[in-house]
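**Student:** quick check, what structure comes out for this input:
(2 chains)
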Protein chains: 2
Amino acid sequence: MSNRPLILISNDDGVQAQGIQVLTRLMRSLGDVIVVAPDSARSGAACGITPVRPVRVSLLHEEDGLCCYECSGTPVDCVKLALEKVVPRRPDLMVSGINHGDNASVSLHYSGTMGAVLEACMKAVPAIGYSLMTRLQQCDFTPYEDVVLRVARRVLSDGLPQDVCLNVNFPFVEQLQGVSVCRMARGNWLQEWRETEVPGEYCLTGYFTNLEPEAEDTDYWALQHGIAAVTPIQLDMTHYPLLGHFEV
Amino acid sequence: MSNRPLILISNDDGVQAQGIQVLTRLMRSLGDVIVVAPDSARSGAACGITPVRPVRVSLLHEEDGLCCYECSGTPVDCVKLALEKVVPRRPDLMVSGINHGDNASVSLHYSGTMGAVLEACMKAVPAIGYSLMTRLQQCDFTPYEDVVLRVARRVLSDGLPQDVCLNVNFPFVEQLQGVSVCRMARGNWLQEWRETEVPGEYCLTGYFTNLEPEAEDTDYWALQHGIAAVTPIQLDMTHYPLLGHFEV
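**Tutor:** Numbers count the residues shown, from 1 in each chain, chains lettered A, B, ... in the order given. Down below sits the predicted model:
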């Protein structure tokens, strides 16, 4: 086995998506790579798991320094299966994406890309999610490659605090205006349902609103100013200020 | 329209589950109730949404102070649809459950019950998830009814901080030993995959481990001591200590 870092890759757009192919090419410059990704798109899968049906994992191809598997489950299933049944040892890094669509602000909660990252984080693997603020299925990832690599190299060398992972979002621009380490913006999705021709049937749509557009320390502010947003995310969702102040 | 509080109910075990029927009966003593719940079980749906296929919502039955709908989508879809297309006004309270299975510690992240709660919280509706630490599909909820009502009454009267909701977990006991307002335990799921007879195919299983079993201020400690755990949960997952200390 090689002495290079072992890097696990997953996503939610599926193993054939352009974003994961770019990410795989970039990570191969840093270490040996194992890809375990959904066999088709799982956008909006969040931290969903498959508790009822069996989940299948199959080798797609193998070459020097790269093994690529597809999995019939969710992004979280992919990471759970990879870590328990596929990898030869605990990976030094897990990366997810590059997602076609941003996962800033509350979109984090719906994100399968970040679901995979949170799962790796739970299993004590340093993990980074990368997302790009466009739904285009084919686009030029060149402007973001340097930051993808810089963040990954930093995590490989320094690690991350226990139970903390990174959510990296890129604005869709020709040239980044910088990189900001920032917090999640307060935000919301509005007008989310479009009626179909069938009564009682709706399709999910809507637009995101930044509820604090003036705050310059948020991920969404960065994206709106052409800046890559790096947001540290923790597993612990406890709201500590209420402990000792809420009585039943 | 009535002057009583308006309460929205959902879950992830489906509209026919015993837990949501108990919760509906209890909430009707506090206000007018609208149920919008999945048409079948969606355990492990987390904050998943349905971005591709249409989602359908249909009225199941209506009586004085109660409207009950089933929905073909995820728990989060149910809440999104309810708030945008079903309710006559913003509900005073949203409750989810009572889930068959606990959602303490990191199980929160996989939980469709709590996905529905987080969605209501994003939409500024005070929201509570209730879960019971047994997978039994039929059981006696009597020991928990008083605490279900006390927590709901408290939130109806005092509200919750912005972007904060509650995750309430009950131990499976004949008599509760108390109620604790506590934080999420650090925990993990282990040995999660059972092989099927088909090579490369696995079924999700596993057991939960509390990574800090000595800590008495956690949800899991409470459950293991017969105590109901009330955990305040926030939407903001930013790990603030790393801001200003992570350089790219």
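**Student:** show me where chain A has its helices.
**Tutor:** A:18-28, A:75-81, A:107-110, A:112-122, A:142-158, A:219-224 (DSSP state H).
**Student:** can you list the low-confidence ranges for chain A?
**Tutor:** A:1 (pLDDT under 70).
**Student:** could you pull out the strands for it?
**Tutor:** A:6-10, A:32-38, A:55-63, A:66-71, A:93-100, A:127-132, A:164-170, A:179-181, A:187-190, A:193-195, A:201-204, A:207-210, A:228-234 (DSSP state E).
**Student:** one step back: I'd like the helices of chain A as TSV, with distance to chain B and mean neighbour count appended.
**Tutor:** In this view, the C-beta of every residue, glycine as well, is placed from N, C-alpha and C. TSV is the format used below for the helices of chain A (distance: least, CB to the nearest CB, whole Å; neighbours: other CB atoms under 10 Å in any protein chain shown):
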stretch	distance to chain B	mean neighbour count
helix A:18-28	15	21
helix A:75-81	5	30
helix A:107-110	4	26
helix A:112-122	6	30
helix A:142-158	5	16
helix A:219-224	9	24
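**Student:** and these as a markdown table, adding distance to B:Trp189?
**Tutor:** Below are those laid out as a markdown table (distance: least, CB to CB, whole Å):
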| stretch | distance to B:Trp189 |
| --- | --- |
| helix A:18-28 | 25 |
| helix A:75-81 | 8 |
| helix A:107-110 | 20 |
| helix A:112-122 | 8 |
| helix A:142-158 | 24 |
| helix A:219-224 | 29 |
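**Student:** nearest to B:Thr196, of the ones you listed?
**Tutor:** Checking the helices of chain A against B:Thr196 by CB to CB gives helix A:75-81 as the closest, at 12.8 Å.
**Student:** what's next to that closest one, contact-wise?
**Tutor:** A:8, A:10-12, A:36-38, A:42, A:45, A:47-50, A:55, A:57, A:71, A:73, A:94, A:96, A:112-113, A:115-116, A:118-120, A:123, B:46, B:110, B:189, B:192-193, B:202, B:204 (CB atoms under 8 Å, 6 or more residues apart in numbering or on different chains).
**Student:** kindly report the same for stretch A:130-148.
**Tutor:** A:17-19, A:22-23, A:26, A:95-104, A:111, A:113, A:167-176, A:179, A:223, A:228, B:248.
**Student:** now list the buried members of the residues you listed.
**Tutor:** Listed as buried from the contacts of stretch A:130-148 are A:17-19, A:22-23, A:26, A:95-104, A:111, A:113, A:167-173, A:179, A:223, A:228, B:248; burial here means 16 or more other CB atoms under 10 Å in any protein chain shown.
**Student:** A:Met94 and A:Asp219: what is the separation?
**Tutor:** Between A:Met94 and A:Asp219 the computed distance is 21 Å (CB to CB, to the nearest Å).
**Student:** ignore what I typed, I meant A:Gly178.
**Tutor:** Between A:Gly178 and A:Asp219 the computed distance is 13 Å (CB to CB).
**Student:** ditto for A:Asp64
**Tutor:** From A:Asp64 over to A:Asp219 (counting by CB to CB), the distance is 37 Å.
**Student:** and A:His100, by the same measure?
**Tutor:** 18 Å.
**Student:** repeat that for A:His245.
**Tutor:** 29 Å.
**Student:** with A:Leu83 instead?
**Tutor:** As defined by CB to CB, A:Leu83 lies at a distance of 28 Å from A:Asp219.
**Student:** could you do A:Leu190 as well?
**Tutor:** 19 Å.
**Student:** ditto for A:Pro91
**Tutor:** According to CB to CB, A:Pro91 and A:Asp219 sit 26 Å apart.
**Student:** same deal with A:Val147?
**Tutor:** Taking CB to CB, one finds A:Val147 at 14 Å from A:Asp219.
**Student:** returning to what we had before: may I see the strands of chain A organised as JSON lines, with distance to B:Leu235 added?
**Tutor:** Formatted as JSON lines, the strands of chain A follow (distance: least, CB to CB, whole Å):
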{"stretch": "strand A:6-10", "distance to B:Leu235": "24"}
{"stretch": "strand A:32-38", "distance to B:Leu235": "26"}
{"stretch": "strand A:55-63", "distance to B:Leu235": "29"}
{"stretch": "strand A:66-71", "distance to B:Leu235": "29"}
{"stretch": "strand A:93-100", "distance to B:Leu235": "20"}
{"stretch": "strand A:127-132", "distance to B:Leu235": "17"}
{"stretch": "strand A:164-170", "distance to B:Leu235": "14"}
{"stretch": "strand A:179-181", "distance to B:Leu235": "20"}
{"stretch": "strand A:187-190", "distance to B:Leu235": "10"}
{"stretch": "strand A:193-195", "distance to B:Leu235": "21"}
{"stretch": "strand A:201-204", "distance to B:Leu235": "20"}
{"stretch": "strand A:207-210", "distance to B:Leu235": "14"}
{"stretch": "strand A:228-234", "distance to B:Leu235": "12"}
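**Student:** B:Val198: which of those is closest?
**Tutor:** strand A:55-63 (7.4 Å).
**Student:** output the contacting helices and strands for that closest one.
**Tutor:** strand A:66-71, helix A:75-81, strand B:201-204 (3 or more CB pairs under 8 Å, 6 or more residues apart in numbering or on different chains; DSSP states H and E).
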